[in-house]
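Colleague: here is the input, now give the coordinates:
(one chain, ligands or ions: 2)
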Amino acid sequence: MPKRTASLSVLPEKSPVLPLTRDDLWRAVLAEAELEVSRPNFHTWFRKTLLAGVEDGIAQVRVPNSFAKEWLEAKYRRFVLRVLRKYDAEVRDVAFMIGKAEEPAFPQERKDDQSSIAAPLPLKSSGQEPGLNPRYTFSSFVVGPSNELAHAAATAVVKQLGTLYNPLFIYGGVGLGKTHLLQAIGNHISRESPQRPHIRYISSERFTHDFVAALKTRTTDRFKDHYRLVDVLIIDDVQFIAGKERTQEELFHTFNELSGRGAQIVFSSDRPPYAIPGLADRLRSRFEGGMIADIQPPEFETRVAILQTKARERGLELRDEPAHLIARLVERNARELEGALNRVLSVGAVAERGDFDSGKIQEALRASLPPPHRMAFRDVVRAIAKFYDLREDELFEKSRRQEIVHPRQIAMYLLRDMLTMSYPAIGKRFRGLDHTTVMHACSRIKGELQSSSPIADEIAEIRNILRSTSV
Ligand code: ADP
Ligand code: MG
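Modeller: Residues are numbered from 1 along each chain as shown. Ligands and ions are numbered 1, 2, ... in the order given. Okay, the predicted model is just below:
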């Protein structure tokens, strides 16, 4: 484990700002990298790197293997240098060195009293918390077997803040009502609680964004106060924090501070904690330390009730028959039910007085169902380009540069593997390459996959991109 407290030796003597430690400096780079590059890219190239030191103006960055070294040098050297120089003008160059591939643990927080220079943000003691939408309440939430556990947990939490279930972790697929429930918790507390607790509702993306912004402007103390001086912290879609180590570290400390004070914390996620890839173990165990409740897709009766509730919110009475018809055609989630209701209303298939035309309803919904997706050559090429930060046409260039050759070989491998294209057919698509060249590429990747090289991670991430873009 490297020492994490040494200050940079290259800081100017009379630095007007507080000197950044080596780790803080690298944290700033990583935090910006998380915003700059795609998540899979960050995961593959920047994770497991650290700043070993700065000597004679040369920042020495430790990377886990030669593969990462090549890639960082070829693709991210300028970016890394630019960010380093932003924080430390003395850095002139950057060198990537292969070091022991260790997982940097979260460094301890700096106990630096001088750094508490920024004044805490004034906290509101009343009024509507900005992120809360008053429409999302418990009373507008339809309870059925698919969501009754999460609903029961949410309603119990607001009665015994911080003591009953802490944290409350609600997970489920898209459009199943997680945001609605989390907001209902916030709205209920804000309206009903006599103590007027400070509530903060935020998406994890916003949390990440604000944290990175605070690092940039050196206002992390303000940031900390903003999140740590509250009584109820609600973080929506916490899965987006996956792989973002700096932000996870910050959340971890925020969590500890809040729960130590008995403040209530609520999370939502699209999957349970154990299934969030790239989540630090200690954060995972915090997520799992309270109550975990899932939400499943709604059953038929719940779908019918959701449709009728949504119609009523618009001052319409939706009779059972058209509601049953829509609920049979639209099964996946509440958001799609709302969309279906909108379409049905917009084509006049259900009239104000409740009259309806079932043929029109079916037509309206059939036309808008997405066509079944077929993965195509183009999707694979697009996913590869995205992952390797290349333009699509670069993959087809006659180039022997490693940063083109490697993605191209992966592309060939995946085209064969996922689309079962023949070697000659693949070759033809790549400027008429000979089929033996394609064969060679595919078997090379296959061989590397077996020797457990980082290629396995890359391919897994690319498959993820493909899956997530092909729904
Ligand atoms: P998620 O955050 O899980 O993706 P949302 O909470 O945004 O889903 O829900 C999508 C839409 O469906 C919202 O308009 C919400 O009000 C509605 N909705 C979801 N579940 C229910 C429910 N059980 N009762 C009423 N409306 C619901
Ligand atoms: Mg949501």
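
Colleague: going by C-alpha atoms from here, please, whenever you check contacts or count neighbours.
Modeller: Fine.

Colleague: from Thr302, how far out is the closest residue to Thr155 other than its chain neighbours?
Modeller: In space, and not counting its chain neighbours, Thr155 is closest to Ile185: 7.3 Å by C-alpha to C-alpha, 6 or more residues apart in numbering. Applying C-alpha to C-alpha, to the nearest Å, the value for Ile185 to Thr302 is 21 Å.

Colleague: of the two, which one has the most company?
Modeller: Applying other C-alpha atoms under 10 Å to Ile185 and Thr302 shows that Ile185 carries more neighbours, namely 26 against 19.

Colleague: give me the contacts around the strand or helix carrying that one.
Modeller: Following DSSP states H and E, one finds Ile185 within helix 178-192. With contacts defined as C-alpha atoms under 8 Å, 6 or more residues apart in numbering, helix 178-192 is touched by 127-128, 132-134, 136-138, 141, 151, 154-155, 158, 170-172, 196-197, 199, 201, 234, 236, 266-268, 295.

Colleague: next SSE downstream of that helix?
Modeller: Downstream of helix 178-192, the next assigned helix or strand under DSSP H and E is strand 199-203.

Colleague: pLDDT score assigned to the nearest residue to Ala214 once chain neighbours are set aside?
Modeller: In space, and not counting its chain neighbours, Ala214 is closest to Thr220: 4.9 Å by C-alpha to C-alpha, 6+ apart. The model reports Thr220 with a pLDDT of 90.

Colleague: now the buried members of the contacts of helix 178-192.
Modeller: By neighbour count, with 16 or more other C-alpha atoms under 10 Å, those hold 132, 136-138, 141, 151, 154, 158, 170-172, 197, 199, 201, 234, 236, 266-268, 295 as buried.

Colleague: could you give the angle of the host helix or strand of Val158 to helix 178-192?
Modeller: With secondary structure defined by DSSP H and E, Val158 is part of helix 148-159. Here the directions of helix 148-159 and helix 178-192 differ by 30 degrees (axes from the mean of the first three to the mean of the last three C-alpha atoms, to 10 degrees).

Colleague: what's helix 148-159 packed up against?
Modeller: With contacts taken as 3 or more C-alpha pairs under 8 Å, 6 or more residues apart in numbering; DSSP states H and E, helix 148-159 sits against strand 168-172, helix 178-192, strand 291-295.

Colleague: now the residue nearest to Thr155: how far from ligand 1?
Modeller: Ile185 sits 12 Å away from ligand 1, going by C-alpha to the nearest ligand atom, to the nearest Å.

Colleague: cool, and Tyr136?
Modeller: Using C-alpha to the nearest ligand atom, Tyr136 is found at 6 Å from ligand 1.

Colleague: low-confidence regions, the stretch 251-400 of the chain specifically.
Modeller: The stretch 251-400 of the chain contains residues with pLDDT under 70 at 367-374.

Colleague: near ligand 1, which residues of it?
Modeller: Taking C-alpha under 6 Å from any ligand atom as the contact definition, the stretch 251-400 of the chain meets ligand 1 at Ile306, Ala334, Arg335.

Colleague: output the residues you listed as TSV; include the columns secondary structure and neighbour count.
Modeller: TSV is the format used below for these (DSSP: H, G, I helix; E, B strand; the rest coil; neighbours: other C-alpha atoms under 10 Å):
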residue	secondary structure	neighbour count
Ile306	helix	24
Ala334	helix	21
Arg335	helix	14
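
Colleague: which parts of the longest helix along the chain are buried?
Modeller: For the chain, the longest helix by residue count, based on DSSP state H, is helix 402-419. Buried residues in helix 402-419, counted by 16+ other C-alpha under 10 Å: 403-416.

Colleague: closest one to ligand 1 out of the residues you listed, please.
Modeller: When those are ranked by distance to ligand 1 (C-alpha to the nearest ligand atom), Leu414 comes first, at 31.2 Å.

Colleague: please name the nearest non-neighbouring residue to that closest one.
Modeller: Of all residues not flanking Leu414 in the chain, Val380 sits nearest, at 7.4 Å (C-alpha to C-alpha, 6+ apart).

Colleague: for that neighbour, give its distance to Gln450.
Modeller: Plainly put, Val380 is 22 Å away from Gln450 if you go by C-alpha to C-alpha.

Colleague: these two: who's more crowded?
Modeller: The neighbour comparison of Val380 against Gln450 (other C-alpha under 10 Å) goes to Val380, with 21 against 10.

Colleague: so that one sits in a strand?
Modeller: No - going by DSSP: H, G, I helix; E, B strand; the rest coil, the assignment for Val380 is helix, not a strand.

Colleague: so what's it up against?
Modeller: Ala411, Leu414, Leu415, Leu466.

Colleague: the last one contacts Ala385, correct?
Modeller: Read it as Leu466. No - taking contacts as C-alpha atoms under 8 Å, Leu466 lies outside contact range of Ala385: 11.6 Å.

Colleague: more neighbours: those two, which one.
Modeller: For Leu466 and Ala385, the more surrounded residue by other C-alpha under 10 Å is Ala385, and the numbers stand at 21 against 18.

Colleague: name the nearest residue to that one, ignoring sequence neighbours.
Modeller: Excluding its sequence neighbours, the residue lying closest to Ala385 (C-alpha to C-alpha, 6+ apart) is Glu392, at 5.4 Å.

Colleague: what's Ser269 sitting at in phi/psi?
Modeller: Note on Ser269: backbone dihedrals following degrees, to the nearest 10 are phi -160, psi 160.

Colleague: for it, give the beta-bridge partners.
Modeller: Assessed by DSSP bridges, Ser269 has beta-bridge partners Tyr171.

Colleague: distance check, it against Pro297.
Modeller: The gap separating Ser269 from Pro297 is 15 Å, by C-alpha to C-alpha.

Colleague: which one of the two has more residues nearby?
Modeller: Legend: neighbour count by other C-alpha under 10 Å for Ser269 and Pro297, higher for Ser269 (23 against 20).

Colleague: average pLDDT for stretch 422-432?
Modeller: Summarised as a single mean, pLDDT over stretch 422-432 is 92.

Colleague: identify all contacting residues around it.
Modeller: Stretch 422-432 is touched from outside by Phe396, Met412, Leu415, Arg416, Leu433, Asp434, His435, Thr436, Thr437, Val438, Met439, with contacts defined as C-alpha under 8 Å, 6+ apart.

Colleague: who's in contact with Met421?
Modeller: Contacts of Met421 were listed using C-alpha under 8 Å, 6+ apart, and they are Leu415.

Colleague: try it again with 10 Å
Modeller: For Met421, the contact set (C-alpha atoms under 10 Å, 6 or more residues apart in numbering) comprises Phe377, Met412, Tyr413, Leu414, Leu415, Gly427.
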